[in-house]
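1. Give me a 3D structure for the following:
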Amino acid sequence: MSVKAVVITGGKQYIVGQDEELTVEHLDGEINDAVALKTLAIFDSEKATIELGTPELKTNVSATILEQGKGEKIRVAKFKAKSRYRKVTGFRPHLTKLKIVKI
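-> Residues are numbered from 1 along each chain as shown. Just a heads-up that it's a prediction; the model follows:
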């Protein structure tokens, strides 16, 4: 029976477990820094016990930063019909890889 948690970071929610790795939007900090993630819910894998926050729990999930980097290139295309306007740009989002230490 493993404990899982629903955390929120970067406007997105993730289901995480102990010792899992997670790639999220950029978080400030250096490699091996500790990060506290806001927790929305904690439950076990069989969903026998569930702890829900209103909207957040008072306890936070602890994580450490494994690496800071960039993701794959995302293409953004602009197009206007009947005016010969086409423009393609792209960017690489900054990402942070985390390891969940404690729930």
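
2. What strand or helix carries the nearest residue to residue 56 once chain neighbours are set aside?
-> Closest residue to residue 56 in three dimensions, ignoring its sequence neighbours and counting by C-beta to C-beta, 6 or more residues apart in numbering: residue 38, at 5.2 Å. All C-beta atoms are positioned from the backbone trio N, CA, C, and that covers glycine. Take DSSP states H and E as the rule and residue 38 turns out to sit in strand 34-44.

3. Which pLDDT value belongs to residue 18?
-> Confidence at residue 18, expressed as pLDDT, is 92.

4. what's the answer for the one 5 residues further on, then?
-> With respect to pLDDT, residue 23 has a value of 96.

5. Residue 3 now?
-> 92.

6. what sits against it?
-> 17-18, 42-45, 103 (C-beta atoms under 8 Å, 6 or more residues apart in numbering).

7. Can you pick out the most distant pair from those?
-> 18 and 43 (13.1 Å; C-beta to C-beta).

8. Report the buried residues of the strand holding residue 38.
-> 35, 37-43 (16 or more other C-beta atoms under 10 Å).

9. Nearest to residue 7, out of the residues you listed: which one, please.
-> Nearest to residue 7 among those, with distances taken as C-beta to C-beta, is residue 37, at 4.2 Å.

10. Surely that closest one touches residue 12?
-> No - shown here, residue 37 and residue 12 do not form a contact pair, counting by C-beta atoms under 8 Å, at 11.3 Å.

11. Now for the closest residue to residue 25 other than its chain neighbours, how many residues are close by?
-> Nearest non-adjacent residue to residue 25, counting by C-beta to C-beta, 6+ apart: residue 10, 3.4 Å away. For residue 10, the neighbour count with other C-beta atoms under 10 Å is 12.

12. Go through the buried residues of strand 34-44 and name the one nearest residue 65.
-> residue 35 (6.3 Å).
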